[in-house]
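Need coordinates for the following:
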Amino acid sequence: PVIKKVFASGICERIGIDGVLKHEYGDDKELKLEVDMPTHKEAIEAVLSTLTVGEGKVIDSVNDIEAIGHRAVHGGEEFSGSVIVTEKVIDTMKRLIPLAPLHNPANILGMEICQELMPGKPNVAVFDTAFHQTMPDYAYMYALPYDQYTKHGIRKYGFHGTSHYFVSNEARQML
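Presented below is the predicted three-dimensional model:
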């Protein structure tokens, strides 16, 4: 049987400004730390440190991490499911930056930094747009000249697919 246990959850906020790391662990324990994180790399280093040292420690070392999961906002038409992050995946995501210019660059940074800080650990990307890849063309096409779709990828992609997937499965189990 699969045993689901959340050891910790958290978020880094205000990267590049005044850095705050929120960390929840154990039996409803919380830490809110002001941490210098001028870049995403320092933010991820702060997370790894918080997980392995001090009051919020939940694992003995980074070696206890078996894999890293990344929520990625936009996979275009290229990704219809979760994928192991490779150089080709990152290159494809870079090509898709025009579809998610605020999110994909930060998603890519996180993947590259995790690969650097935890070499050899599998990184998996889960795309918010993947859930909606089964939409038929009549549902995702806009009433625009067709070359807007073929040249620029302008279409409905659907977002928040990871949440839709979870909620629809929960509803299915309740029915």
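
what is the spatially most central residue of the chain paired to in the beta sheet?
Of all residues in the chain, the one closest to the mean position by CA atoms, centre = their mean is Arg71, 1.7 Å from it. Arg71 has these beta-bridge partners by DSSP bridges: Val126.

can I assume it is in contact with Thr162?
Yes: applying CB atoms under 8 Å, one finds Arg71 in contact with Thr162, separated by 6.2 Å. (C-beta placed from N, C-alpha, C; glycine too.)

got any residues that touch both of the two?
Common contact partners of Arg71 and Thr162 (CB atoms under 8 Å, 6 or more residues apart in numbering): 126, 128.

any idea how far Arg155 lies from Lys41?
34 Å (CB to CB, to the nearest Å).

now Ala139
40 Å.

what about those two, which has more around it?
Neighbour count, other CB atoms under 10 Å: between Ala139 and Lys41, Lys41 has more, with 17 against 11.

got the buried residues for the helix or strand containing the more buried one?
Assigned by DSSP states H and E, Lys41 belongs to helix 40-52. Across helix 40-52, burial judged by 16 or more other CB atoms under 10 Å covers 40-44, 46-52.

tell me how far it is from the chain's mean position?
16 Å (CA atoms, centre = their mean, to the nearest Å).

average pLDDT across it?
Across helix 40-52, pLDDT averages out at 97.

List the contacts of Val35.
So Val35 contacts 12, 19-21, 42-43, 46 (CB under 8 Å, 6+ apart).

So it versus Leu48, what's the distance?
Applying CB to CB, the value for Val35 to Leu48 is 12 Å.

On the pLDDT front, check the residue lying farthest from the centre of the chain for me.
Residue farthest from the centre of the chain, counting by CA atoms, centre = their mean, is Pro145 at 32.9 Å. Note for Pro145: predicted pLDDT of 95.

Please report how far it lies from Pro105.
29 Å.

Val73 contacts Pro101, correct?
No: using CB under 8 Å, Val73 is not in contact with Pro101, being 10.3 Å away.

what about these two, which has more around it?
Taking other CB under 10 Å, Val73 and Pro101 do not tie; Val73 has more neighbours (21 against 10).

List the contacts of that one.
Applying CB under 8 Å, 6+ apart, the residues contacting Val73 are 100, 103-104, 107, 127-129, 159.

give me phi/psi at it?
phi -70, psi -50 (degrees, to the nearest 10).
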